[in-house]
Each structure stands twice: as structure tokens, then as C-alpha cells.
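In: Please find the sequence and the predicted model below.
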Amino acid sequence: MRVGVVIVNYNGARYIGECLESLRAQSRAPDGVVVVDNASKDGSPDLIASHFTDVALVRSPSNLGFAGGVNVGIRWCQERGHDAVLVLNPDTVVDSQALSRLVDAARRHPRACLTPLIVRADRPDVVASYAGSLVWWRGRVAPRYLGQSARDQPHGDVRMKIANGACVLLPLSIVGEIGLFDESYFLYFEDVDYFERLGRAGFETWYVPDARVLHHESRATGGRTSPLGLYYFIRNRHHFVHKFKRGTVWYVIFLAYEAADAARRAVLLALRGSFGLAAAVIRGTLHGWSGRLGPDAQAAMAAPVEH
């Protein structure tokens, strides 16, 4: 199996070097590594170009979002005849045996996407993987092992509904059948969308706990504690549930939950003086209801320049 690694970078200078070094240290070397840079302003593309000449660097003149960047990388791997892609966040560190063990798991599960045990970089004994199931009425993933001890994980592979987009081994045969990532999300939920489409097409998702990856989570966006991350999370969860459950009772229940949740969040955040976050909740909710998709200029202004 020929495996290419796809990394989407946005202002990742603080961590991208360690990530790429960990790929160099793999017991089973990848067959190619491509970094798709989303118009970074922190010098990380130059760092990659000067220190990692074995890595292909694709510089996008604009921010394509996570899904757009992944799709560029997938096409790069397809053009080079790879059989699978490892989609990897730039703020990860891959254990030296991880790729080898994911490839072994791909042989055990030939019609499946694979995700490793992901742990917190600051606390490697704590699971940071969001692999689990879906709770449709809340528009959320229910992670099975998040926050648990990494030492207490299963000894064998576990079938999942949803995996963590921070590190996923995706056979290109699946891409050939269900297509690329949905770029309308721009940021957040594009991976959840992909796993839902994958499952509906008859493919599987497996959690492989003997493959291990460390993750400095949400360093590029600030996560849901930043206006940028919270806006896209609120907006895109609506788009996700609407896309797959409109016309069903689950969508009606979700709408009621969403309205109550948005009101609760906005009031609590405003009472705490977090007016930027409260505004992000309101804008995300309104844009979700109106069907607004793609990049949002006002949210982008809130994006941190550094991790």
C-alpha cells in the first residue's frame, strides 16, 4: 500500500517542524508528504521549504479552509498513484510505529477508514480522540473515550461511527466512490460530514488504539473558546443536521434544542463579559438558519495569527 500524508497548514510555525520530524522518524516511511499551506502569515511555508526539502509544499494564495486544503492534498496523492492518504493536523506528533500500525489495520479492514489513539500533547496519558457516535438532536459527536486514561484503552480495533479528522488513514478507493470533502463548511464538521457519507455508502470506520498520535488541539483557530471557532461550530452544526436530517423528526427536535442552546450560550457569555463570543453564537445561529456557508470575512478577522 502506497500512503501519502496530507497536512493542511495555517500559521503552524510553532508545531509543523515537530510534526514533519515525526514523519521522518516513522518505522514505515510514508510514500510522500504534501503540505498545503492556506496563505499563512507566520513564515511557516518558508520554514518548511528550507528545512524539509523532501516535503512537497503547495502554497495557496488564499485560505481554502480545512476541507479545501485536504482536497488539494488528496488530488496530489491521486496523481502520484497512492493507495491511501493519511490526513494529519500540523499540530500533531506521530509515534514512530503509528503509520505502520494503521497500514496493518487497513489490511484487516479493507473497506474502512482508520483513526489512531489521539492523546493530549500536554498530558499524554489523557485521550483526546473524538471517535464515537452521533447525537443528532444536539448536532454533536459523542466521543467514546475522550478524557479517559490512555492506558485503559481497548487492546483491539473498535468499530466507530465517527472518527477524529486530526489523523485519519483514508483509502483512496473510498474517495473514488464518495468523492472529496465538502468545502462549504470551510472549518469544522467537514470531517463529521465525510464519515456520515462514508457510512451511508457502506464503508466502515475503525479506531486503532495501538497506533498513537499526540495532538496540540485547536491551536490554529483557538477552538470553541475563540469567536472564530465558536462561529463556525455553531453555524456548521446546523448545516450538518439540515443536510442529512431535514424533513425528519430529528431535525425538528434539533431546531428546538439549537434555539434554546444559542439563547443560553449568548446570555451566559454576555453576563461574563465575553461579548465577542456571544456575538459569534448569535451570528453563527442566524447564518446557519439562513444557509450561509463558506468562509466568513468577519469571523476570519478574529482568527489568531499565531498558535
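Out: Perfect, I can see it now.
In: Provide the secondary structure category for the closest residue in space to residue 156 that isn't next to it in sequence.
Out: Take residue 156 and drop its neighbours on the chain: the residue closest to it by CB to CB, 6 or more residues apart in numbering is residue 209, 8.0 Å away. Where C-beta positions appear, they are placed from N, C-alpha and C, glycine not excepted. When classified by DSSP: H, G, I helix; E, B strand; the rest coil, residue 209 comes out as strand.
In: Residue 209 and residue 1, how far apart?
Out: 21 Å (CB to CB, to the nearest Å).
In: can you check residue 13 too?
Out: 32 Å.
In: So for those two, which residue has more residues nearby?
Out: Remark: of residue 13 and residue 1, residue 13 carries more neighbours, 19 against 13, as counted by other CB atoms under 10 Å.
In: where do the helices sit along this structure?
Out: Using DSSP state H, the helices of the chain run over 16-24, 44-51, 65-79, 98-108, 172-178, 190-200, 227-245, 249-271, 275-290, 297-300.
In: Contacts for the fourth one next, please.
Out: With CB atoms under 8 Å, 6 or more residues apart in numbering as the test, helix 98-108 has contacts from 1, 3, 23, 26-28, 30, 84, 86, 112, 114, 116, 157, 167, 169, 171, 206, 208, 210-213.
In: returning to that earlier point: minimum distance to residue 142: which of the helices of the chain has it?
Out: helix 190-200 (11.6 Å; CB to CB).
In: If you count contacts, what does the closest one end up packed against?
Out: Helices and strands touching helix 190-200, by 3 or more CB pairs under 8 Å, 6 or more residues apart in numbering; DSSP states H and E, are helix 65-79, helix 172-178, strand 204-215, helix 227-245.
In: so which of these comes closest to residue 34?
Out: Across the helices and strands packed on helix 190-200, residue 34 has its closest neighbour in helix 65-79 (4.8 Å, CB to CB).
In: Please tell me how far the closest one is from the chain's geometric centre.
Out: 13 Å (CA atoms, centre = their mean, to the nearest Å).
In: In that helix, which residues are buried?
Out: Within helix 65-79, the residues that count as buried by 16 or more other CB atoms under 10 Å are 65-77.
In: again with stretch 287-294
Out: In stretch 287-294, counting by 16+ other CB under 10 Å, buried: 287, 288, 293.
In: I figured residue 111 hits residue 199, correct?
Out: No. Contact between residue 111 and residue 199 fails when scored by CB atoms under 8 Å: they sit 11.3 Å apart.
In: These two: which is more packed in?
Out: residue 199 (17 against 14).
In: My read is that that one contacts residue 205, right?
Out: Yes. With contact defined as CB under 8 Å, residue 199 reaches residue 205; the gap is 7.0 Å.
In: Name the residues contacting each of the two.
Out: With CB under 8 Å, 6+ apart as the test, residue 199 and residue 205 both reach residue 161.
In: Any regions of the stretch 151-300 of the chain where pLDDT drops low?
Out: 218-224, 298-300 (pLDDT under 70).
In: backbone phi and psi for residue 138, please?
Out: Torsion angles at residue 138 (phi, psi; degrees, to the nearest 10) stand at phi -110, psi -10.
In: In space, what's closest to it - neighbours in sequence excluded?
Out: Here the residue nearest residue 138, using CB to CB, 6+ apart, is residue 257, at 5.9 Å.
In: Tell me how far the residue of the chain most remote from its centre lies from residue 264.
Out: In terms of distance from the mean C-alpha position of the chain, residue 271 ranks first, at 31.4 Å (CA atoms, centre = their mean). In this structure, residue 271 and residue 264 are 11 Å apart, going by CB to CB.
In: what do you get for residue 275?
Out: With CB to CB as the criterion, residue 275 and residue 264 are 16 Å apart.
In: before we move on, the earlier item: with distance to residue 56 as new columns, can the buried residues of helix 65-79 be given to me in TSV?
Out: Conversion of the buried residues of helix 65-79 to TSV gives the following (distance: CB to CB, whole Å):
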residue	distance to residue 56
65	20
66	18
67	19
68	17
69	13
70	15
71	15
72	11
73	9
74	13
75	12
76	7
77	10
